[in-house]
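In: Quick check, what structure comes out for this input:
(one chain, ligands or ions: 1)
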Amino acid sequence: MVEQTIDLQQVRRDLHAIPELSLHEVKTKAYLKKLIESLGCSFLETREVPALPTALLVRLKGKNPKKTIGYRADIDALPIEEKTGLPFASSHPGQMHACGHDIHMTVALGILAYFASHQPNDNLVFVFQPAEEEHAGGKQLYESGALSGDFLPDEIYALHDQPALPSGQVATLQGTLFAGTTEIHLTVRGQGGHAAYPHQAKDAVVAAAAFVSQVQSVVSRSVNPIHGGVVTIGSFHAGTIGNVIAGEAQLEGTIRAFTQVDLTMMQERVQAISDGIALSYGVTMDLELEQGGYYPVENDPAITADFINFMAENPDIDFAEAEPAMTGEDFGYLLQKIPGTMFWLGVGDPDHSLHDARLNPDEGALDAGVKAMIAYLEWRMAENQQNQSVAM
Ligand SMILES: CC(=O)N[C@@H](CCC[C@H](N)C(=O)O)C(=O)O
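Out: Coordinates of the predicted model:
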């Protein structure tokens with residue numbers, strides 16, 4: 001029987017009300033820090049990350065540590081105007097926890113609070129990571145060297161909420177769970193002019209529109225259909241008024257695939273299309289393809305087999321095998337460095353997807369997620385104790 005030592009629903013609502021964009025998670029970090037300090041735990045220490053000031057690492061020293069187990073929660077929000085109408089909706093205009101990172105943080109805090117009052121056998125390191133949605137905070141954190149010494153986990157876990165799954169359901173798979181992604185940042189520069197004299201201008205809207213249309217052929221013509229892939233342009237800004245030809249257009253997008261080989265090939269195709277547009281439309285295409293922060297999320301085979309067996313065999317846990325998804329996650333970068341498992345936690349809102357302004361996760365999932373992870377970690381640590389004593 002696991003008793004919650006913090007009010008999960010209240011914590012989630014507090015965090016939901018103060019969403020902050022990637023690398024600006026100042027209030028969020030202050031909230032996390034205050035709550036963690038209020039636990040008054042004698043075997044808890046925190047580590048700051050000067051290179052990534054909104055990150056926070058927390059270590060619980062184990063009673064008889066054989067391993068250090070990591071648990072990561074991302075803490076940033078999205079530039080979306082919330083449309084849930086909830087009483088605890090975002091108090092920050094144009095910013096929303098529409099990807100459920102408020103849920104991620106609350107589950108992490110629930111696990112942390114439990115082990116702060118029930119000292120674990122192994123060391124536990126909680127990673128509150130900024131900038132998952134953009135700027136590859138996981139990569140930045142790792143490269144800063146903060147996950148080192150006592151704070152370097154032997155294995156690491158993280159969840160992502162999933163509105164399409166029933167509330168509280170845990171789901172994952174052995175192998176690649178999420179795609180690798182590359183952000184697209186494009187500025188098209190032409191020559192503005194009067195709408196009536198297109199021959200004297202270089203229309204950035206027409207060139208950018210051609211780019212948007214032509215990159216659709218990358219997935220349909222260049223990617224093996226059995227492999228799958230995504231090219232989405234999610235943002236397109238240009239022009240000021242209907243009778244002026246725009247001289248500049250700004251586009252943002254994302255390229256996704258399940259393997260680095262496909263991702264690299266797709267990047268090359270997007271680059272080639274961009275070069276071709278520059279030539280044929282007489283514009284400058286300033287194309288930036290962000291590299292390396294969002295690797296495919298590859299679950300470690302052995303650790304994930306143990307995780308799946310435990311979850312599937314536990315009668316108190318609703319477990320399902322997951323299908324791979326085209327979502328990206330910079331936890332994929334951490335999994336390249338530290339073996340571990342990422343899993344979905346169902347939050348039962350099938351009418352709204354992640355990144356929807358109306359997303360309203362069921363809060364019952366918080367308790368289920370915390371209990372499932374506590375049960376798993378206790379079992380895992382007991383196994384570690386046993387295995388180490390047999391080996392000695
Ligand atoms: C789970 C989720 O929604 N993650 C984001 C990660 C963004 C990756 C990167 N910034 C990109 O846009 O390619 C997602 O959009 O899948």
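
In: all helices for the stretch 151-300 of the chain, in order.
Out: Secondary structure of the stretch 151-300 of the chain by DSSP state H, counting those that start in this stretch: the helices cover 204-217, 260-281.

In: how about TSV for these, with distance to the ligand, mean neighbour count and mean pLDDT added?
Out: Using the backbone N, CA and C atoms, a C-beta is placed for each residue, glycine as well. What follows is the helices of the stretch 151-300 of the chain, written out as TSV (distance: least, CB to the nearest ligand atom, whole Å; neighbours: other CB atoms under 10 Å; pLDDT from 0 to 100):
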stretch	distance to the ligand	mean neighbour count	mean pLDDT
helix 204-217	14	19	98
helix 260-281	10	17	97
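
In: I'd guessed residue 74 sits against residue 135; true?
Out: No - here residue 74 lies out of contact with residue 135, judged by CB atoms under 8 Å, at a distance of 11.6 Å.

In: Same drill for the two, tell me which one is more crowded.
Out: Taking neighbours as other CB atoms under 10 Å, residue 74 and residue 135 compare with residue 74 leading, 27 against 19.

In: just to revisit the earlier point, the helices of the stretch 151-300 of the chain into TSV, with extra columns for distance to residue 345?
Out: As requested, these are arranged in TSV below (distance: least, CB to CB, whole Å):
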stretch	distance to residue 345
helix 204-217	33
helix 260-281	27
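
In: pLDDT weak spots in this protein?
Out: Regions of the chain meeting the criterion pLDDT under 70 cover residues 1-4, 389-392.

In: Quickly find the element holding the residue nearest the centre of it.
Out: The residue lying closest to the centre of the chain (CA atoms, centre = their mean) is residue 329, at 4.0 Å. Assigned by DSSP states H and E, residue 329 belongs to neither a helix nor a strand.

In: Contact partners for it?
Out: 132, 158, 160, 178, 294, 297, 342 (CB atoms under 8 Å, 6 or more residues apart in numbering).

In: List the residues that contact the third one.
Out: Residues touching residue 160, when contacts are defined by CB under 8 Å, 6+ apart, comprise 100, 104, 178, 327, 329, 342, 343, 344, 345.

In: Closest one of these to residue 207?
Out: Residue 207 lies nearest to residue 327 out of the contacts of residue 160, by CB to CB, at 30.4 Å.

In: doesn't that closest one fall inside a helix?
Out: No - counting by DSSP: H, G, I helix; E, B strand; the rest coil, residue 327 is not found in a helix; it is coil.

In: What is the neighbour count of it?
Out: Other residues lying near residue 327 total 19 when counted by other CB under 10 Å.

In: For it, give its distance to residue 31.
Out: Here residue 327 is placed at a distance of 26 Å from residue 31 (CB to CB, to the nearest Å).

In: Likewise for residue 79?
Out: Remark: distance between residue 79 and residue 31 (CB to CB) = 20 Å.

In: Have a look at these two and say which one is more surrounded.
Out: Neighbours per residue (other CB under 10 Å) separate residue 79 from residue 31, with residue 31 holding more: 19 against 14.

In: pretty sure that one contacts residue 13?
Out: No - taking CB under 8 Å as the definition, residue 31 is not a contact partner of residue 13, at 11.6 Å.

In: coming back round to it: now rank the contacts of residue 329 by neighbours and give me the top one.
Out: Once you tally neighbours by other CB under 10 Å, residue 297 ends up highest among those, having 30 neighbours.

In: list the buried ones in stretch 335-351?
Out: Of all the residues in stretch 335-351, those buried under the rule 16 or more other CB atoms under 10 Å are 335-349.

In: Same question for stretch 166-178.
Out: Burial within stretch 166-178, assessed by neighbour count using 16+ other CB under 10 Å, is assigned to 166, 167, 168, 169, 170, 171, 172, 173, 174, 176, 177, 178.

In: What residues are bridge-paired with the closest residue to the fourth one other than its chain neighbours?
Out: Of all residues not flanking residue 169 in the chain, residue 346 sits nearest, at 3.6 Å (CB to CB, 6 or more residues apart in numbering). Beta-bridge pairing for residue 346 (DSSP bridges): residue 162.

In: Verify the contact between residue 257 and residue 263 for me.
Out: Yes - look at residue 257 against residue 263 with CB under 8 Å: they come within range, at 4.3 Å.

In: which parts of the stretch 51-200 of the chain sit against the ligand?
Out: 99, 133, 134, 160, 181, 183 (CB under 6 Å from any ligand atom).

In: Can you name the two of those residues that sit furthest apart?
Out: The distance between the two most remote of these (CB to CB) is 18.6 Å, for 160 and 183.

In: Need the max-distance pair from the buried residues of stretch 166-178.
Out: Pairwise distances across the buried residues of stretch 166-178 peak at 25.7 Å for 167 and 176 (criterion: CB to CB).

In: And the residue of the stretch 1-150 of the chain that's closest to the ligand?
Out: The ligand sits closest to residue 134 of the stretch 1-150 of the chain, with a gap of 4.6 Å, by CB to the nearest ligand atom.

In: mind pulling up the phi and psi values for that residue?
Out: The phi and psi torsions at residue 134 (degrees, to the nearest 10) take the values phi -150, psi 170.
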